[in-house]
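Enquirer: Show me how the following folds:
(one chain, ligands or ions: 2)
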Amino acid sequence: MRHIMVLNPKGGCGKSTLATNLAAYYASKGKKVALADYDEQQSSLDWLERRPAKRAEIKGLAGYRDGLKGLSRTTDVVILDAPARAHGKELTNLLHHAETILIPVLPSQIDMQATEKFIHELRATPTIKNNKAKIALVANRVREGTLIFDDLDAFLDKLPVPYIATLREAQNYVRAYTRGVGIHELPEYLSWPDREEWGPLIDWLNTRASRPRAAA
Ligand SMILES: Nc1ncnc2c1ncn2[C@@H]1O[C@H](COP(=O)(O)OP(=O)(O)OP(=O)(O)O)[C@@H](O)[C@H]1O
Ligand SMILES: [Mg+2]
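Expert: Ligands and ions are numbered 1, 2, ... in the order given. The predicted structure is shown next:
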């Protein structure tokens, strides 16, 4: 079973957006998917409630309350949506469930600085020090050609963690979230630019580099 956590203590950077789109992507590919929402805000579970019955099924878990209780052993992929402001002991506990950690980062000076501090905190945890989970960065809500995107790009390139994908700011994410689907389930003529940007992210998740050695 694959465990993919979307994590960044900075609020509003796109954790639930990434988590719901990943869950929908794997489900649409025929995988048995669970989506564990560790945030009391329950954005991922709210999205799941709106999921049309005709779409591939995703099992919702109230991770914030019950952890992974109720997770079927036959699940292929479990996506974990982490809450904002997870630090210290809460972070350590969350990391026990992680195998691959995706960190979305917004093109904003405040977000970049907060993320830099978080990467240091994360790399000092036993989970990462002992190579029990792999981390990668995803630039989110970018607008090509803006100075702040150039800054974010250069900043992410310098961090000691792979920088694997760049997702543009797009109404498709808002549309998909409202409809309980992922961008891969929106009509292709609308979502193809976003699907293309997800390519490198999915490719990286398919590589051995995205999994700790023992799990590979
Ligand atoms: N690539 C994108 N394009 C357009 N809107 C986006 C994109 N990514 C996220 N958003 C929007 O930004 C807002 C915050 O995103 P989201 O809820 O996924 O962040 P979060 O990190 O889960 O927030 P929180 O820390 O509160 O849990 C939402 O309104 C979402 O629709
Ligand atoms: Mg969220």
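Enquirer: From start to finish, how long is stretch 139-157 in a straight line?
Expert: 11 Å (CA to CA, to the nearest Å).
Enquirer: Give me the contact list for that stretch.
Expert: 13-14, 17-18, 104-109, 112, 116, 137, 163, 165-169 (CB atoms under 8 Å, 6 or more residues apart in numbering). Where you see a C-beta, it was placed from the backbone N, CA and C, and this is true even at glycine.
Enquirer: If we use 10 Å, what do you get?
Expert: Contacts with stretch 139-157, where a contact means CB atoms under 10 Å, 6 or more residues apart in numbering, come from 8, 12-15, 17-18, 103-109, 111-113, 115-116, 137-138, 162-170, 173, 197.
Enquirer: tell me, which of the residues you listed make contact with ligand 2?
Expert: Restricting the contacts of stretch 139-157 to those touching ligand 2 (CB under 5 Å from the ion) yields K15.
Enquirer: Show me just the buried residues among the contacts of stretch 139-157.
Expert: Buried by 16 or more other CB atoms under 10 Å: 8, 13-15, 17-18, 103-108, 111-112, 115, 137-138, 163-170, 173, 197, out of the contacts of stretch 139-157.
Enquirer: same for the helix or strand containing N172, what does it pack against?
Expert: Using DSSP states H and E, the element containing N172 is helix 171-179. Contacts defined by 3 or more CB pairs under 10 Å, 6 or more residues apart in numbering; DSSP states H and E place helix 171-179 against helix 15-28, helix 43-49, helix 188-205.
Enquirer: wait, does the longest one make contact with ligand 1?
Expert: This points to helix 188-205. No. Interface with ligand 1: helix 188-205 contributes nothing (CB under 6 Å from any ligand atom), its closest point being 8.0 Å away.
Enquirer: Kindly calculate the angle that that helix makes with helix 171-179.
Expert: Inter-element angle recorded for helix 188-205 and helix 171-179: 90 degrees (by axes from the mean of the first three to the mean of the last three CA atoms, to 10 degrees).
Enquirer: Nearest to ligand 2 within the protein, name that residue for me.
Expert: Minimum separation of the chain from ligand 2 (CB to the ion) falls at S16, amounting to 3.3 Å.
Enquirer: Any idea how many residues pack against that residue?
Expert: Other residues near S16 come to 25 when the count uses other CB atoms under 10 Å.
Enquirer: nearest residue to it other than its sequence neighbours?
Expert: Take S16 and drop its neighbours on the chain: the residue closest to it by CB to CB, 6 or more residues apart in numbering is S43, 3.9 Å away.
Enquirer: Mind pulling up the pLDDT for the one you found?
Expert: Note for S43: predicted pLDDT of 98.
Enquirer: Give the full set of residues in contact with it.
Expert: K15, S16, T17, A19, T20, D37, D81, P83, Y177.
Enquirer: how close does it get to Q113?
Expert: Relative to Q113, S43 is positioned 24 Å away (CB to CB, to the nearest Å).
Enquirer: Nice, that's everything, thank you.
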